[in-house]
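Undergrad: Task: produce atomic coordinates for the following.
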Amino acid sequence: MTLEKRCAWVNSDPLYIAYHDQEWGIPVHDDQQLFELLILEGFQSGLSWITILRKRDHFREAFDQFDYRKIAQWPEKKLSACLNNPHIIRNRLKINAVKMNAQAFINIQEKFGSFDRYIWEFVNYTPIQNHFFSHQELPSSTELSLTMSQSLKKHGFKFVGPTICYSFMQAAGLVNDHLTECFCYPKK
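TA: Below you'll find the predicted structure:
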């Protein structure tokens with residue numbers, strides 16, 4: 001039996017393996033999924049991604065399945081309930097940012113027709129295929145993620161620094177950073 005070779009950052013946790021094999025680097029064009037990924041990347045800041053994966057279902061429950069239309073209208077008591085929810089990351093600034101980001105997300109949709117159209121324009125609607133051989137080569141941010149960060153902030157988003165934006169780009173498939181030896185790296 002041959003074991004599939006994966007990117008070096010993947011450990012033996014089944015959640016990590018499934019995320020790597022079935023989500024990471026695969027282009028996402030659904031606005032609600034893009035919103036979820038952007039919010040989760042913001043919560044991940046300063047933590048490990050496996051921590052977020054283990055809490056993802058709790059985040060979905062707490063944040064109305066990441067329905068940005070509902071979240072944009074949340075009363076203060078919904079934000080307070082999240083701050084008291086022991087199953088998610090209870091960071092006041094990050095939780096408050098979710099509502100602001102939902103409102104900014106809707107504004108982008110109104111201005112550009114969809115968030116998908118807006119965000120994919122940064123890569124000219126085509127995923128960037130990198131060719132990294134080792135985990136150490138992966139950047140934490142790029143000029144493009146800095147540009148994206150600045151644009152998102154200009155539109156009212158919070159917790160969207162260049163590193164968060166680059167992680168989001170990887171998660172949403174705008175950038176494919178599977179290592180060249182990984183079985184998910186596109187073969188010609």
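
Undergrad: hey, let's count contacts and neighbours off CA atoms from now on
TA: Noted.

Undergrad: Could I get the contacting residues of the most centrally placed residue in the chain?
TA: Closest residue to the average C-alpha location of the chain: Leu37 at 3.1 Å, with CA atoms, centre = their mean. With contact set as CA atoms under 8 Å, 6 or more residues apart in numbering, Leu37 has these partners: Phe168, Ala171, Ala172.

Undergrad: what about it, which helix or strand?
TA: helix 31-44 (DSSP states H and E).

Undergrad: so where's the chain shaky on pLDDT?
TA: By pLDDT under 70, the weakly predicted segments of the chain are 1-2, 188.

Undergrad: all strands for it, in order.
TA: Counting by DSSP state E, residue ranges of the strands within the chain are 128-129, 175-176.

Undergrad: List the strands paired with the last one, with their directions.
TA: To tie it back to what came earlier, the one meant is strand 175-176. strand 128-129 (parallel) (DSSP bridges).

Undergrad: Residues in contact with the strand it pairs with: which ones?
TA: Against strand 128-129 from outside (CA under 8 Å, 6+ apart): Leu174, Val175, Asn176, Asp177.

Undergrad: among the strands of the chain, which is the most enclosed?
TA: Mean neighbours per residue, mean count of other CA atoms under 10 Å, is largest over the strands of the chain for strand 175-176, with a mean of 22.

Undergrad: distance between that strand and the chain's centre?
TA: Here strand 175-176 is found 13 Å from its chain centre; the criterion is CA atoms, centre = their mean, to the nearest Å.

Undergrad: And the contacts of it?
TA: Gly25, Ile26, Pro127, Ile128, Gln129, Asn130, Met169, Gln170.

Undergrad: and Arg92, how many residues sit next to it?
TA: 12 (other CA atoms under 10 Å).

Undergrad: got it, and the one 4 residues further on?
TA: When neighbours are counted by other CA under 10 Å, Asn96 registers 16.

Undergrad: Can you tell me how far it is from Pro162?
TA: According to CA to CA, to the nearest Å, Asn96 and Pro162 sit 20 Å apart.

Undergrad: circling back: now render the strands of the chain as TSV, adding distance to Asn84.
TA: Formatted as TSV, the strands of the chain follow (distance: least, CA to CA, whole Å):
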stretch	distance to Asn84
strand 128-129	40
strand 175-176	35
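
Undergrad: Out of the ones you listed, which is closest to Ile119?
TA: Using CA to CA as the measure, strand 175-176 is the one of these that comes nearest Ile119, at 12.0 Å.

Undergrad: Phe157 versus the nearest residue to Asp21 once chain neighbours are set aside, what's the distance?
TA: Leaving aside its chain neighbours, Asp21 sits nearest to Cys184 (6.9 Å; criterion: CA to CA, 6 or more residues apart in numbering). Distance, Cys184 to Phe157, by CA to CA: 32 Å.

Undergrad: who are the neighbours in contact with the residue nearest to Asp21?
TA: Cys184 neighbours (CA under 8 Å, 6+ apart): Arg6, Asp21, His178.
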